[in-house]
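Asker: pasting a predicted model and its sequence here:
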Amino acid sequence: MTTYDDHLAALSALRNGTAVTPECVDDVSSAQQTLREIAEELSGPIAAAMPEPPTRWRSDAATAYAEALEEARGSLVVVARVMTQAEGALGSCAVMLRARLDDLEAALAWRPSS
């Protein structure tokens, strides 16, 4: 239930520039979508494009190259995992911001009873 104090807090947030805006919620959702797409690319097409190491190597240079490729492949897996976690965190942030925006709108719409 919205109260007079909620209404004053909402007005204060607007005045101070700390109020959640629909644009802020949209920006977080957009960033979440971007992270999701990058994580999917890293997990899918980019990871699939990495060559598989052969079973035997003809030189020390080829062995070093294979080791570097394997390290790069492992790094891609880690980055994709971190991006997926960040995307989930942004999803939680978007939900929280949406709730704050709803609370702000309710507080601003509140009218004291006479």
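Answerer: On my side now, so go ahead.

Asker: what's whichever helix or strand Thr84 is part of packed up against?
Answerer: In this structure, Thr84 sits in helix 60-109 according to DSSP states H and E. For helix 60-109, the elements it packs on are helix 4-16, helix 22-43, helix 45-49, judged by 3 or more CB pairs under 8 Å, 6 or more residues apart in numbering; DSSP states H and E. The way it works is simple: take the backbone N, C-alpha and C, and place the C-beta from them, glycine included.

Asker: quick one: mean pLDDT over that helix.
Answerer: What helix 60-109 shows for mean pLDDT is 88.

Asker: rewinding a little: okay, the helices and strands packed on helix 60-109 in CSV with mean neighbour count, distance to Val95 and mean pLDDT next?
Answerer: Listed next are the helices and strands packed on helix 60-109 as CSV, based on neighbours: other CB atoms under 10 Å; distance: least, CB to CB, whole Å; pLDDT from 0 to 100:
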stretch, mean neighbour count, distance to Val95, mean pLDDT
helix 4-16, 13, 19, 78
helix 22-43, 15, 10, 91
helix 45-49, 10, 29, 76
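
Asker: which one of those lies nearest to Ala80?
Answerer: Among the helices and strands packed on helix 60-109, the nearest to Ala80 by CB to CB is helix 22-43 (3.9 Å).

Asker: which of the helices and strands packed on helix 60-109 sits closest to Cys93?
Answerer: So among these, helix 22-43 is nearest, using CB to CB, at 5.5 Å.

Asker: can you report how many residues lie near Thr63?
Answerer: Neighbour count of Thr63, defined by other CB atoms under 10 Å: 13.

Asker: same question for Thr3.
Answerer: 11.

Asker: residues contacting it?
Answerer: Trp110 (CB atoms under 8 Å, 6 or more residues apart in numbering).

Asker: what about it, distance to Val20?
Answerer: 19 Å (CB to CB, to the nearest Å).

Asker: repeat that for Ile46.
Answerer: Taking CB to CB, one finds Ile46 at 35 Å from Val20.

Asker: again with Glu71
Answerer: Glu71 is 42 Å from Val20, where distance means CB to CB.

Asker: please apply the same query to Glu52.
Answerer: Distance, Glu52 to Val20, by CB to CB: 48 Å.
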